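K.L.:
My questions are about this predicted structure, shown below with the sequence.
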Amino acid sequence: MTTPPRTTRRADGDRAGLIAAHDTHAADLYDYCLWAVEDAAAAEDAVHGALLAAAAQPDLLDQPDRLRPWLYAAARKECLRAARRPGGPRFLGSAAGDEGPAASPQARQRLSLVRRAAAQLGPRDREIAELALRHGLSAAELAAILGTSTASMRAAILRISTELSAICGDDAQQLFFAWHMDAAPAALHARVLASADAPERIAHFARRANPAGRSGLPSPLPPRHRRVRALVAAFGITVLVLSSVLLADDEPTERVALNPVLNPAPAPSGNVSLDIAAPLGGTPSTKAPTPTSAAGRQDLPTQNPPGTPTGRPEQRPSAPPLPPPADSRPPARPPAPGGGSALSGSRSLQSANYPSRYVRHVQDLGRLDPVAPSSPALTKQDATFTVVAGLANPSCYSFRGTGGRYLRHYSFRLRLHADNGTPLFRQDATFCARTGSTTGTVTLESYNYPGRFIRHRNFELWVDPADNTERFRADSAFRAVSPWAS
């Protein structure tokens with residue numbers, strides 16, 4: 001049987017169909033990829049690879065409804081590949097958008113509000129908002145691209161739209177559509193033309209797009225940690241099997257029960273009462289037996305209530321400790337720097353090892369930036385916080401910034417978010433003070449992640465585990481000083 005000529009050409013790449021796909025979809029694909037990796041060259045490469053992979057599909061270019069989500073899936077896969085290369089861009093590294101060169105002041109103000117709202121979403125929710133609200137992909141298309149069910153994706157889109165609309169005070173989809181769309185570079189069109197007659201290039205990118213998932217779209221790349229866990233589990237099973245064989249030779253009457261599942265260490269039993277003013281590396285309190293870490297630091301009790309929401313990028317404890325007895329008293333607060341009363345009122349937090357730099361937020365992300373008398377009023381306001389009793393524990397502290405929002409950790413990065421009323425938020429926004437590494441300083445320990453402290457890293461503020469080094473102690477020490485803004 002003779003293959004029709006058009007299908008034969010399609011196998012090596014249909015030039016006319018490829019150019020039509022570029023003209024129809026390249027701009028949207030490039031805009032999404034540029035948003036995802038924030039690297040123009042990587043975004044262009046991803047769109048180029050996706051278009052060439054589609055050219056190898058005999059019937060795909062004739063099915064617009066199927067072609068569009070297929071191209072998004074292939075381009076996303078290319079972006080993930082670029083991010084995994086050494087020195088490659090970071091996939092989904094930002095929540096920022098682009099107003100475009102001709103945006104009015106009103107549009108810039110509205111889009112700034114959208115940025116703040118999007119910054120409060122996790123990376124996956126931000127991507128769903130981008131693809132569903134801004135690029136108009138359906139729940140079924142998104143479910144196929146991200147490898148989940150249509151029902152769960154429909155629920156996720158509804159939840160995200162509701163959250164964004166509540167923050168923005170307007171229809172979230174209209175605001176997202178107002179963002180400027182980045183046009184595809186002219187060089188991309190030239191590259192597609194040059195590759196249209198290169199069947200080996202088309203076949204190369206077709207192989208990269210495979211294997212296809214059940215939906216027929218390119219399947220997502222498996223997360224790196226899944227592959228590592230699979231290798232570790234396989235190695236563990238092999239070791240256990242070999243051990244069982246050796247034991248069976250020595251004791252043939254006994255069977256060795258094999259359990260390849262690696263269980264986490266059991267949570268400590270019993271409740272403890274700790275002195276939160278104890279310095280890093282201090283001795284345990286005499287009030288009750290106190291567990292210590294390998295570095296000799298006292299660990300605060302984790303008081304996560306049962307039913308704490310999950311699903312965040314952070315890894316929550318596998319089993320929350322038992323709550324403290326009803327008659328236990330909270331530990332005393334440490335003295336404020338200089339021997340005054342407990343931290344309270346309006347304060348600025350000065351770095352101990354960079355005294356010209358202060359804790360502040362920039363686009364809702366915690367940073368350590370220079371502040372001086374000549375700094376703009378907005379900079380001074382961003383570096384001023386009201387210290388209040390901890391939202392999760394009144395013996396600790398929370399730091400309220402502009403607009404009534406609070407410093408909290410999310411994915412262990414310090415951010416300024418509005419209180420959403422959940423127990424998880426209150427715990428993330430509570431920090432317990434300890435005596436700092438130098439006179440008059442404090443360190444701020446996460447309430448729900450004992451052993452992690454606020455510290456600056458490349459002048460970004462993170463909640464990192466203490467490593468008992470001089471550098472960490474210096475980077476995590478702060479002075480509560482008079483506020484920059486009244």
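P.N.:
That came in fine, so what should we check first?
K.L.:
For the stretch 1-150 of the chain, which segments count as helices?
P.N.:
5-12, 15-37, 40-55, 64-84, 105-119, 123-129, 139-146, 150-168 (DSSP state H, counting those that start in this stretch).
K.L.:
Out of these, indicate the one that is most buried.
P.N.:
Using mean count of other Cβ atoms under 10 Å, the stretch among the helices of the stretch 1-150 of the chain with the largest mean neighbour count is helix 40-55, at a mean of 24. No exception for glycine: its C-beta is placed from N, CA and C like everyone else's.
K.L.:
Next, the angle from that helix to helix 15-37.
P.N.:
Our comparison of helix 40-55 with helix 15-37, counting by axes from the mean of the first three to the mean of the last three Cα atoms, to 10 degrees, yields an angle of 140 degrees.
K.L.:
Including distance to Ile454 and mean pLDDT, could the helices of the stretch 1-150 of the chain go into TSV?
P.N.:
Written out in TSV, the entries for the helices of the stretch 1-150 of the chain read as follows (distance: least, Cβ to Cβ, whole Å; pLDDT from 0 to 100):
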stretch	distance to Ile454	mean pLDDT
helix 5-12	58	40
helix 15-37	29	86
helix 40-55	33	89
helix 64-84	28	88
helix 105-119	19	67
helix 123-129	22	84
helix 139-146	33	88
helix 150-168	25	81
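K.L.:
closest to Gly451 out of the ones you listed?
P.N.:
helix 123-129 (24.8 Å; Cβ to Cβ).
K.L.:
Counting by contacts, list what the closest one packs against.
P.N.:
helix 139-146, helix 150-168 (3 or more Cβ pairs under 8 Å, 6 or more residues apart in numbering; DSSP states H and E).
K.L.:
could you dump the first one to CSV, C-alpha only?
P.N.:
Taking only C-alpha atoms (Å, rounded to 0.1, in the frame of the first residue of the first chain), the coordinates of helix 139-146 have been written out as CSV:
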residue,chain,number,x,y,z
ALA,A,139,-9.0,22.1,33.4
ALA,A,140,-8.9,19.0,31.2
GLU,A,141,-5.9,20.4,29.2
LEU,A,142,-4.1,21.4,32.4
ALA,A,143,-4.7,18.0,34.0
ALA,A,144,-3.1,16.3,31.0
ILE,A,145,-0.1,18.7,31.0
LEU,A,146,0.5,18.4,34.7
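K.L.:
thinking Arg126 is in contact with Ala132, fair?
P.N.:
No. Contact status for Arg126 versus Ala132: not in contact, 11.0 Å apart, counting by Cβ atoms under 8 Å.
K.L.:
just to revisit the earlier point, now the helices and strands packed on helix 123-129 in TSV, with distance to Trp35?
P.N.:
Compiled in TSV, the helices and strands packed on helix 123-129 are given as follows (distance: least, Cβ to Cβ, whole Å):
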stretch	distance to Trp35
helix 139-146	15
helix 150-168	16
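K.L.:
quick one, strands of the protein?
P.N.:
345-351, 357-362, 365-370, 385-389, 397-400, 406-410, 413-417, 431-435, 442-446, 452-457, 460-465, 478-481 (DSSP state E).
K.L.:
Show me the shaky parts of the stretch 251-400 of the chain.
P.N.:
Under the criterion pLDDT under 70, the flagged ranges of the stretch 251-400 of the chain are 251-342.
K.L.:
Give me the domain ranges for the protein.
P.N.:
Listed domain ranges for the chain are 5-224, 345-481 (source: automatic domain parsing).
K.L.:
could you redo these as CSV and give each row distance to Leu240?
P.N.:
What follows is the domains of the chain, written out as CSV (distance: least, Cβ to Cβ, whole Å):
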stretch, distance to Leu240
domain 5-224, 24
domain 345-481, 30
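K.L.:
partners of Arg457 in the sheet?
P.N.:
According to DSSP bridges, the residues that bridge with Arg457 are Glu460.
K.L.:
Test my guess that it contacts Asp464.
P.N.:
Yes. Applying Cβ under 8 Å as the test, Arg457 and Asp464 come out as touching, 7.0 Å apart.
K.L.:
quick one: which of the two has more around it?
P.N.:
Taking other Cβ atoms under 10 Å, Arg457 and Asp464 do not tie; Asp464 has more neighbours (19 against 12).
K.L.:
Look up which residues are beta-bridged to the more buried one.
P.N.:
According to DSSP bridges, the partner residues bridging Asp464 are Phe453.
K.L.:
wait, what's in contact with the spatially closest residue to Arg15 that is not a sequence neighbour?
P.N.:
Using Cβ to Cβ, 6 or more residues apart in numbering and skipping the chain neighbours, the partner closest in space to Arg15 is Ala196 (4.3 Å). By Cβ atoms under 8 Å, 6 or more residues apart in numbering, the residues touching Ala196 are 13, 15, 18-19, 55.
K.L.:
from these, which two are the most distant?
P.N.:
Among the contacts of Ala196, the pair separated by the greatest distance (Cβ to Cβ) is Gly13 and Ile19, which sit 10.7 Å apart.
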